[in-house]
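Chemist: Here's a sequence, model it:
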Amino acid sequence: MARLISNEVGEKLEALRSKESLLVESETERHPRVLQIRKYKLLTPLFGGGVRANENDTTKLIRETSIRGQLRFWWRAMRGTGRIVEMKKREDEIFGSGGQKAVQSKILISVKVLSSGSQVSAFQNDQKTQSGPRRPKTETAREVHEYAAFPLSPDKDERNDPNWKSALVSTDVEFHLKICYPKELEAEIQAALWAWETFGGVGARTRRGFGAIALTQIDGKPINAPKFAEIEQYIRQKLSEYLLCDKQVDSNLPHLNAEIDFRIKKFKDPKDAWKSSIDKLRQFRQVRREGRDRNRPLKKGRSFWPEPDEIRRLTGKNAEGRHRPLSSVGKFPRADFGLPIIFHFIDQEEPGDCTLKPAKYSRLASPLILRPIECADGAAALALLLVAPRASELDLELSHSNGNAKVVAKLTVEEAKLLTAAGLGPLGNQTDVLKAFLDYFAN
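Modeler: Below is the predicted model of the structure:
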């Protein structure tokens, strides 16, 4: 009797399963879906990406929410159009939204880490001393460029703490991304995926090249990277293919267009390409006189950029009047590289730490993207400028020991010529410092 009941229940369950399967097949026929498994490898170290800021999460190295956020951003950059309200409505229809009027996402994403690679310290304590008092210094690990990793660098107290432990970054990571979406959204999703793979990454500080990725397989089929000579044409072709035609983008939203300004340079591998790009940025932003103190050969000379002299003028602090202005320009042009900027003065008679930020915001992301792209015959270093709000177009505020001051970033033609003649050669007489950097990067 018990066996008869058991068989009857089993038959009913089987019938329900068959009915459910038929319903799913019917729904799939009406609304076909695309399922892909895409394999990626990291070209540069992964910085952050976990629940806590600036920390790698060993239990969930790459998070679905992080990738979903990247895809949202690059969808806006490639396909977003209309007023912000209209664009947000379309974005929520595709990617979902929370709150009282929650909308379910039409995209299913799951991540499987195939190789966690290895974790390395971003900075290493070096107990070697310079001339003068014994003072520990820190150096970045070989895999990380110190100028890109400054958020991970130790503060003054940590530098003198022998027990200080550096933040970790992950290298040589590989992962699968399983993505499923309605066939009707293929143009939207493929555009976002391509832009993310080409210009974005995973984790934090992707605009400075951390967490850069390379697509290696789709559904088990290898992806052949283009040769370096084909990279520029490849990017232009894909932009033409994936960008939404006649899109109208709100000026406050970072985005891409068919005429986007970028430069590429050839290197033997992605890590060399990345480090060279960051080197170029450091050199451009820190154009200085050579140090003149023979007893302190590592001490840097004065900056040829005008901000330090203008801060001294605004605060009235000038280390016994030793620093005569190198030019008459009183502007803050490096603001266009992103805000806030903290200016640090060492001497006690100097202004101390000062912070430059937008008057109405706490920060403004840099429109400059630096990252490597893997090629069939090496790698390309990419420098690209997003179409985005510039600090030179906004009201800026400098916070210093005496209070706050309104300042300006935008250079005039005459000011650009004055700065170039006074020693700021890489500026090349240009008023747009970001475009000047692209030229410096390419040369």
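
Chemist: for the strand or helix carrying residue 194, which positions count as buried?
Modeler: In this structure, residue 194 sits in helix 186-199 according to DSSP states H and E. For helix 186-199, the buried set under the neighbour-count rule, 16 or more other Cβ atoms under 10 Å, comprises 188, 189, 190, 191, 192, 193, 194, 195, 196, 197, 198, 199. C-beta here means a position set from N, CA and C on the backbone, and glycine is covered the same way.

Chemist: Identify all contacting residues around it.
Modeler: 34, 38, 40, 67, 70-72, 74-75, 77-79, 94, 107, 179, 181, 213-215, 235, 238, 242-244, 256, 369, 371, 373, 382, 384 (Cβ atoms under 8 Å, 6 or more residues apart in numbering).

Chemist: what do you get if the cut-off is 6 Å, keeping everything else the same?
Modeler: 70, 71, 74, 75, 78, 79, 94, 181, 215, 238, 242, 369 (Cβ atoms under 6 Å, 6 or more residues apart in numbering).

Chemist: May I ask which of the residues you listed has the most neighbours?
Modeler: residue 78 (26 neighbours; other Cβ atoms under 10 Å).

Chemist: separation between the nearest residue to it once chain neighbours are set aside and residue 61?
Modeler: Distances taken as Cβ to Cβ, 6 or more residues apart in numbering place residue 191 nearest to residue 78, at 4.3 Å, with adjacent residues excluded. With the distance defined as Cβ to Cβ, to the nearest Å, residue 191 ends up 26 Å from residue 61.

Chemist: what sits against the residue nearest the centre of the chain?
Modeler: Centroid-nearest residue in the chain: residue 207, 1.8 Å away (criterion: Cα atoms, centre = their mean). Residues counted as contacts of residue 207 (Cβ under 6 Å, 6+ apart) are 366, 369.

Chemist: How many residues are close by residue 338?
Modeler: Residue 338: 16 surrounding residues under other Cβ under 10 Å.

Chemist: same check, this time on the one 10 residues further on
Modeler: Using other Cβ under 10 Å, the number of residues around residue 348 comes to 8.

Chemist: State the mean pLDDT of stretch 334-341.
Modeler: Across stretch 334-341, the average pLDDT comes to 97.

Chemist: Identify the bridge partners of residue 382.
Modeler: Per DSSP bridges, the residues bridged to residue 382 are residue 264, residue 371.

Chemist: ok, it - contacts?
Modeler: So residue 382 contacts 264, 371, 373 (Cβ under 6 Å, 6+ apart).

Chemist: again, only this time at 10 Å
Modeler: Shown in contact with residue 382 (Cβ atoms under 10 Å, 6 or more residues apart in numbering): 198-199, 209, 212, 231-232, 235, 262-265, 273-274, 277, 369-373, 441.

Chemist: do residue 418 as well
Modeler: Counted by Cβ under 10 Å, 6+ apart, residue 418 has contacts 306, 326, 327, 328, 329, 411, 412, 424, 429.

Chemist: Checking it next. Helix, strand or coil?
Modeler: helix (DSSP: H, G, I helix; E, B strand; the rest coil).

Chemist: Check what pLDDT the closest residue in space to residue 116 that isn't next to it in sequence gets.
Modeler: Spatial nearest neighbour of residue 116, excluding adjacent residues (Cβ to Cβ, 6+ apart): residue 61 at 5.9 Å. pLDDT, residue 61: 88.

Chemist: Just send the contacts of helix 186-199 back as JSON lines, with secondary structure, distance to residue 111 and pLDDT too.
Modeler: JSON lines is the format used below for the contacts of helix 186-199 (DSSP: H, G, I helix; E, B strand; the rest coil; distance: Cβ to Cβ, whole Å; pLDDT from 0 to 100):
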{"residue": "70", "secondary structure": "helix", "distance to residue 111": "12", "pLDDT": "96"}
{"residue": "71", "secondary structure": "helix", "distance to residue 111": "12", "pLDDT": "97"}
{"residue": "74", "secondary structure": "helix", "distance to residue 111": "17", "pLDDT": "98"}
{"residue": "75", "secondary structure": "helix", "distance to residue 111": "18", "pLDDT": "98"}
{"residue": "78", "secondary structure": "helix", "distance to residue 111": "22", "pLDDT": "97"}
{"residue": "79", "secondary structure": "helix", "distance to residue 111": "23", "pLDDT": "96"}
{"residue": "94", "secondary structure": "helix", "distance to residue 111": "19", "pLDDT": "96"}
{"residue": "181", "secondary structure": "strand", "distance to residue 111": "15", "pLDDT": "98"}
{"residue": "215", "secondary structure": "strand", "distance to residue 111": "14", "pLDDT": "98"}
{"residue": "238", "secondary structure": "helix", "distance to residue 111": "24", "pLDDT": "97"}
{"residue": "242", "secondary structure": "helix", "distance to residue 111": "23", "pLDDT": "97"}
{"residue": "369", "secondary structure": "strand", "distance to residue 111": "23", "pLDDT": "98"}
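
Chemist: my read: residue 285 touches residue 279, true?
Modeler: No: between residue 285 and residue 279 there is no contact under Cβ atoms under 10 Å: 11.1 Å.

Chemist: so what sits against both of the two?
Modeler: Residues touching both residue 285 and residue 279 by Cβ under 10 Å, 6+ apart: residue 147.

Chemist: how about the strands of the stretch 251-400 of the chain, start to end?
Modeler: 261-267, 341-343, 354-358, 368-375, 378-385, 396-400 (DSSP state E, counting those that start in this stretch).

Chemist: So which of those strands is nearest residue 290?
Modeler: strand 341-343 (21.1 Å; Cβ to Cβ).

Chemist: And for the closest one, what's in contact with it?
Modeler: Under the criterion Cβ under 10 Å, 6+ apart, residues 285, 303, 307-308, 310-311, 332, 334-335, 350-357, 391, 396, 398-400 lie in contact with strand 341-343.

Chemist: Which neighbours in the sheet does it have, and how are they oriented?
Modeler: By DSSP bridges, strand 341-343 pairs with strand 354-358 (antiparallel).

Chemist: quick one: the partner strand to strand 396-400, angle?
Modeler: Counting by axes from the mean of the first three to the mean of the last three Cα atoms, to 10 degrees, strand 354-358 points 160 degrees away from the direction of strand 396-400.
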